[in-house]
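Q: for reference, the sequence and a predicted model appear below.
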Amino acid sequence: MNILIPDSWLREFLETAATPKQIKEYLSLCGPSIERINEVSGETIYDVEVTTNRPDSMSVFGVAREAAAILPRFEIAAKLANDPYHKSLDARRYTLDASLKLNIQTDPILNPRWVSVVIDNVTVKPSPDWLQKKIELTGIRSLNNIVDITNYFLRAYGQPVHAFDFAEIKPNAEGIPTMILRASQKGEKLTTLDGKTHSLPGGDIVIEDGAGRLIDLCGIRGAENSSIKSITKTIVLFMQTYDPVRIRKTSMALALRTEAATLFEKGLDEELVLPTMLDGMEMVKKLAGGEAASQIYDIYPKPYAPYQVSVDRKKVDAYIGKKLSNQEIKEILTPLGLEVAFNKAVIPAQAGIRNKKADPHFREDDNMVVTVPSFEPNKSLQWEEDIKIRLRDWGFTETYTYSMISEELMDIFGLDKSKAFKISNPLSSEWVYMRPSLWPSILNCVKQNLNLHPCFKIFELSMRYVFNPDDLPYENPTILICWTGERFLEAKGVAESILDLFGISTNDVILNSFQDPRKIPDQVRNDVLKNWYDDRHLSFGDFGSLGLVNSQLLTKLEIKTPITVLELEFAQLVKSAQTTKKYQPIPKYPPVIEDMTFVLPAKTPLGEIIAAIKNQSPLVYEVQLITEYQDTATFRIHYLNPDKQITDSEVIALRTQLKEMVDKTFNAKLRG
């Protein structure tokens with residue numbers, strides 16, 4: 001996420017003599033990346049990229065806090081100013097007239113903290129020039145003083161703020177204006193501030209009033225019926241935090257990607273809500289003339305409690321790669337908001353920082369010594385790179401699919417959901433289970449691309465997740481190669497080439513059905529795979545399998561073209577790899593080559609015929625399948641004696657033996 005920050009606004013929270021160029025350089029090295037500096041209307045504007053795991057830095061104050069910690073490491077004095085966390089609720093300063101009341105009902109799971117106050121006698125009018133300029137330089141359009149105030153705090157502190165028209169919040173039976181925060185029902189409708197009506201998917205966080213009307217799509221966009229108007233005299237200033245998963249689901253389902261949603265879905269700091277409210281009340285009074293007319297409603301059932309972290313000094317030095325003095329450690333950690341105490345070799349670090357999202361384990365220290373670790377080549381990575389290069393050169397396109405699949409795909413492929421890991425808080429219905437096989441992922445990819453490219457070859461080398469009832473799943477690296485069309489022989493050739501690359505003899509591993517007593521490892525067993533292939537399939541034992549995809553499975557996936565799949569167990573290939581090459585001298589004497597065509601019974605395993613012919617005699621040097629048509633197959637046989645020239649009589653005798661063996665073993669007749 002990128003945000004625009006004026007230099008003058010940043011310096012309201014940061015006391016430093018650093019130039020904009022220095023701020024850009026040093027923050028980009030250690031914290032939020034400042035991609036560029038722009039000049040707009042005489043103002044220096046930082047274009048800041050903040051990574052999604054750092055919502056605490058998605059604001060002017062957040063970036064200032066980072067700068068206050070980073071700049072001193074480069075010997076530039078800097079300290080944080082106007083820290084909102086230092087504000088407290090002073091009873092004398094905030095003596096409130098409680099003449100107006102709200103009936104509030106909320107859900108602590110959906111809404112960890114709710115803070116609101118009723119402010120009366122406001123005047124809605126254009127904002128002063130300084131406020132308009134501030135927010136417009138950050139990319140937010142000025143509307144009126146109340147809305148601009150809410151946007152000011154969105155950008156200043158990264159805390160979304162909402163204002164309701166108090167007169168539009170309908171009362172309950174007792175006559176008290178009511179706000180009930182709850183999960184929506186599927187199909188409920190709400191018209192947002194932009195005038196668009198949305199049918200809610202259900203489970204969304206909403207607020208209804210005493211008349212049962214929905215007046216807010218929480219964390220995403222307010223409702224039109226409770227919006228601020230030019231005649232509004234009384235407002236409800238509302239600040240809060242929400243369950244980030246719910247916000248994400250609703251925002252994606254409705255394709256409503258607001259800045260508030262992008263913040264709430266990352267999980268905001270509950271401790272920032274009240275300080276923002278206090279500043280907000282002051283600004284409303286200053287710019288709109290409003291006075292608080294109710295108590296401050298602060299519903300916070302599970303307040304954040306500071307905690308201690310103890311770490312051994314030896315570990316600190318080992319992790320950083322440099323021995324730091326106690327004073328250096330204190331100088332590094334104190335700007336992060338931590339209280340540091342030393343006790344011999346142990347550092348108890350009191351997490352006095354109120355913003356838990358800025359906890360040091362989310363930060364990086366720039367004062368680290370780069371040391372070259374001892375390097376041990378990773379065989380798996382070397383093999384992975386080699387295979388990917390080969391497949392690329394053979395015309396395949398590599399795909400990357402998600403490690404999670406939907407419940408629908410689990411059902412289509414007949415995978416046992418009780419023996420698969422289910423994600424407790426999936427971001428989408430498409431990503432619910434950790435995939436026990438790559439098949440659903442890659443065939444779903446095929447389905448999505450067929451309308452663009454009717455003929456293609458793709459592969460993926462990635463993890464599938466094997467159920468482990470007592471711990472994390474086993475991660476099994478798997479190669480899945482996929483062709484559109486009936487490409488059985490090509491798939492067999494690719495399989496043989498890959499096995500040969502690992503020094504594994506194809507003749508030793510080919511099994512022509514899934515009747516072998518050895519089971520393909522882990523979750524995806526022989527019987528499951530057999531249901532995914534049609535009758536034309538081939539097993540390589542522990543190394544994998546190939547075949548045409550079952551037509552019924554393709555129908556369920558709405559794929560109308562034949563698909564060929566080759567699956568190989570990457571870890572098993574690496575484990576069995578024979579890297580030592582065996583030298584075989586070129587024969588001194590030329591072979592005698594002949595073709596033999598056999599008429600075969602239906603579904604005769606050709607691999608077994610090839611192996612049987614080759615094993616018939618040491619004089620059979622090589623056997624190749626040349627053609628296959630209907631019920632016939634032609635094999636090219638090389639006869640060779642390494643010690644002398646093979647004679648015609650030896651060839652005739654061998655041909656007779658082969659003919660009789662194939663006839664007896666496979667009931668196949670030599671043609672011609």
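A: In hand now; what should we look at?

Q: in stretch 234-250, which residues are buried?
A: Neighbour counts over stretch 234-250 (16 or more other Cβ atoms under 10 Å) mark 234-244, 246-250 as buried. Where C-beta positions appear, they are placed from N, C-alpha and C, glycine not excepted.

Q: of these, which belong to helices?
A: Of these, the ones assigned to helices by DSSP state H are 244, 246-250.

Q: would you map the helices across the stretch 101-250 of the chain?
A: Remark: helices assigned in the stretch 101-250 of the chain by DSSP state H, counting those that start in this stretch are 129-137, 145-157, 244-253.

Q: any chance of those in JSON lines, with mean pLDDT and distance to residue 668 too?
A: Listed next are the helices of the stretch 101-250 of the chain as JSON lines, based on pLDDT from 0 to 100; distance: least, Cβ to Cβ, whole Å:
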{"stretch": "helix 129-137", "mean pLDDT": "96", "distance to residue 668": "83"}
{"stretch": "helix 145-157", "mean pLDDT": "96", "distance to residue 668": "78"}
{"stretch": "helix 244-253", "mean pLDDT": "95", "distance to residue 668": "59"}
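
Q: redo these as JSON lines? Include distance to residue 288.
A: As requested, these are exported to JSON lines (distance: least, Cβ to Cβ, whole Å):
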{"stretch": "helix 129-137", "distance to residue 288": "11"}
{"stretch": "helix 145-157", "distance to residue 288": "5"}
{"stretch": "helix 244-253", "distance to residue 288": "29"}
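
Q: next one: stretch 312-328 to chain centre, how far?
A: Distance of stretch 312-328 from its chain centroid, counting by Cα atoms, centre = their mean, to the nearest Å, is 33 Å.

Q: report the mean confidence score over it.
A: Average pLDDT, stretch 312-328: 81.

Q: isn't residue 437 right next to residue 464, touching?
A: Yes. Using Cβ atoms under 8 Å, residue 437 is in contact with residue 464, at 5.4 Å.

Q: listing request: residues of the stretch 1-150 of the chain with sub-threshold pLDDT.
A: Applying pLDDT under 70 to the stretch 1-150 of the chain flags residues 87-97.

Q: what's the neighbour count on residue 393?
A: 8 (other Cβ atoms under 10 Å).

Q: ok, it to residue 387 distance?
A: From residue 393 across to residue 387, the span is 11 Å (Cβ to Cβ, to the nearest Å).

Q: do residue 61 as well
A: 50 Å.

Q: which one of these two is surrounded by more residues?
A: Between residue 61 and residue 387, residue 61 has the larger neighbour count (other Cβ under 10 Å), namely 28 against 20.

Q: that one: what secondary structure?
A: Using DSSP: H, G, I helix; E, B strand; the rest coil, the structure places residue 61 in helix.

Q: tally up the residues packed near the closest residue to residue 17 other than its chain neighbours, please.
A: Once flanking residues are discounted, residue 17 sits nearest to residue 77: 6.8 Å by Cβ to Cβ, 6 or more residues apart in numbering. Neighbour count for residue 77, taken as other Cβ under 10 Å: 11.

Q: show me the contacts for the most centrally placed residue in the chain.
A: Nearest to the geometric centre of the chain sits residue 402, at 7.6 Å (Cα atoms, centre = their mean). Contacts for residue 402 were tallied using Cβ atoms under 8 Å, 6 or more residues apart in numbering; they are 430-431, 441.

Q: show the buried residues in those.
A: residue 441.

Q: residue 69 and residue 556, how far apart?
A: 55 Å.

Q: correction: residue 304
A: Distance from residue 304 to residue 556, by Cβ to Cβ: 49 Å.

Q: same check on residue 161?
A: From residue 161 to residue 556 the distance is 49 Å (Cβ to Cβ).

Q: now the common contact residues for residue 393 and residue 387.
A: With Cβ under 8 Å, 6+ apart, residue 393 and residue 387 have no common neighbours.

Q: which of residue 69 and residue 556 has more neighbours?
A: Ranked by neighbour count (other Cβ under 10 Å), residue 69 and residue 556 place residue 69 first, with 25 against 15.

Q: the more buried one touches residue 335, doesn't it?
A: Yes. Taking Cβ under 8 Å as the definition, residue 69 is a contact partner of residue 335 at 4.0 Å.

Q: burial of residue 134, as a residue count?
A: Neighbour count of residue 134, defined by other Cβ under 10 Å: 24.

Q: what sits against the nearest residue to it once chain neighbours are set aside?
A: The shortest distance from residue 134 to any residue other than its chain neighbours is 6.1 Å, reached at residue 9 (Cβ to Cβ, 6+ apart). For residue 9, the residues meeting the contact criterion (Cβ under 8 Å, 6+ apart) are 60, 134, 137-138, 156.

Q: dump these to TSV, plus distance to residue 167.
A: As requested, those are exported to TSV (distance: Cβ to Cβ, whole Å):
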residue	distance to residue 167
60	33
134	29
137	33
138	31
156	28
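
Q: ok, and the most crowded of those?
A: When the contacts of residue 9 are compared by neighbour count (other Cβ under 10 Å), residue 60 ends up highest, at 26 neighbours.
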